[in-house]
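A.B. asks: Task: produce atomic coordinates for the following.
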Amino acid sequence: SPDGAWVVAGSDEGPARVWSAGSGDESSCMTHDNAVTSVAFSPDSAWVVSASGDGTARVWDAATGQERARMTHEDWVGAVAFSPDGASVLSGSSNGIARVWDAATGQERARMTHNNWVTAVAFSPDSASVVSGSYDGTARVWNAVTGQVRARMTHSRYVNSVAFSSDGAWVVSGGEDDTA
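C.D. replies: Numbers count the residues shown, from 1 in each chain. From the prediction side, this is the model:
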C-alpha cells in the first residue's frame with residue numbers, strides 16, 4: 001500500500017487478500033467468481049480495486065473486505081488502476097475496452113476502445129489522462145473525461161506494460177517486441 005502498512009495479492013482461485021506488512025496477519029479476503037488478475041491500492045491506502053475473469057472490477061474496503069463498488073465489463077478484466085486523486089478507477093478488458101469509473105459509485109465515466117485485449121492501464125499524475133496498452137500492438141493516451149484519443153504509439157507485437165512519467169510529460173510502453 002502507499003502508506004507501507006498493507007500488502008495485497010490476487011489469486012487464480014478467485015479471492016484477493018490483504019495482509020499487514022508488519023505482522024503478515026490477514027486483514028481481509030475479497031472474493032470474485034473467477035481468477036483475480038490485477039489489484040491496486042487507492043492513494044490513501046483505504047481501498048483496493050481488483051480485476052477478475054468474472055468480468056468485474058470491484059472496489060473494496062482494504063481493512064474489512066467489504067465491497068464498495070462493482071464495475072461490470074462484458075468479458076475478462078485483466079488490468080486495473082486507481083487515479084492519483086483516488087476518485088476514479090481505470091480498467092481494461094479482454095474485449096478491447098478500457099473504462100474510467102467513479103470509484104465510489106461504480107458509474108462509468110468514459111470508454112476507450114482498442115482492437116484487442118487491453119493488457120495494461122495507468123493514470124497520469126493529474127488524473128486528466130489515461131494510457132492503455134493492448135494486444136493490438138498499440139499504447140494509446142486518452143482524455144480521462146471524454147475518452148478521446150490524444151496519442152497513439154505502435155509496437156510490432158502486443159503491449160504488456162504502460163506508465164506515465166512522474167510529471168506526466170512522457171509515456172513509456174513495453175511490448176512483446178522487446179522494445180520500450
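A.B. asks: Does Ala144 touch Val100 like I think?
C.D. replies: Yes. With contact defined as Cβ atoms under 8 Å, Ala144 reaches Val100; the gap is 5.3 Å. No exception for glycine: its C-beta is placed from N, CA and C like everyone else's.
A.B. asks: Just want the most central residue of this protein.
C.D. replies: Nearest to the mean C-alpha position of the chain, by Cα atoms, centre = their mean, lies Val80 at 1.1 Å.
A.B. asks: on that earlier part again, between Ala144 and Val100, which has more neighbouring residues?
C.D. replies: Val100 (27 against 22; other Cβ atoms under 10 Å).
A.B. asks: OK, contacts around that one?
C.D. replies: Ser88, Val89, Leu90, Glu108, Arg109, Ala110, Arg111, Val130, Ala144, Val145, Gly147 (Cβ atoms under 8 Å, 6 or more residues apart in numbering).
A.B. asks: of those residues, closest to Val18?
C.D. replies: Val89 (17.0 Å; Cβ to Cβ).
A.B. asks: which SS class is the residue in the chain sticking out farthest from the centre?
C.D. replies: Most distant from the centre of the chain: Ser23, at 27.2 Å, with distances by Cα atoms, centre = their mean. With DSSP: H, G, I helix; E, B strand; the rest coil as the basis, Ser23 sits in coil.
A.B. asks: who touches both of Ala144 and Val100?
C.D. replies: Common neighbours of Ala144 and Val100, using Cβ under 8 Å, 6+ apart, are Ser88, Leu90, Arg109, Ala110, Val130.
A.B. asks: From these, which land in strands?
C.D. replies: When DSSP state E is applied, those are split such that Ser88, Leu90, Arg109, Ala110, Val130 fall in strands.
A.B. asks: For the first one, give the beta-bridge partners.
C.D. replies: Beta-bridge pairing of Ser88 under DSSP bridges involves Asp102.
A.B. asks: For it, give me its contacts.
C.D. replies: Phe82, Val100, Trp101, Asp102, Ala103, Arg109, Phe123, Ser127, Ala144.
A.B. asks: Next: the second one.
C.D. replies: Under the criterion of Cβ under 8 Å, 6+ apart, the contact partners of Leu90 comprise 80-83, 98-101, 121-123, 130, 132, 144.
A.B. asks: Mind pulling the model confidence for Thr113?
C.D. replies: pLDDT recorded at Thr113 is 96.
A.B. asks: burial count for Val130?
C.D. replies: 29.
A.B. asks: typed the wrong thing, it's Trp142
C.D. replies: Count around Trp142 with other Cβ under 10 Å applied: 24.
A.B. asks: do you know how far it is from Asp126?
C.D. replies: 14 Å (Cβ to Cβ, to the nearest Å).
A.B. asks: Ala16 now?
C.D. replies: From Ala16 to Asp126 the distance is 28 Å (Cβ to Cβ).
A.B. asks: Low-confidence ranges, the chain, go.
C.D. replies: Low-confidence segments of the chain, defined by pLDDT under 70, are absent.
A.B. asks: Cool, thanks, signing off.
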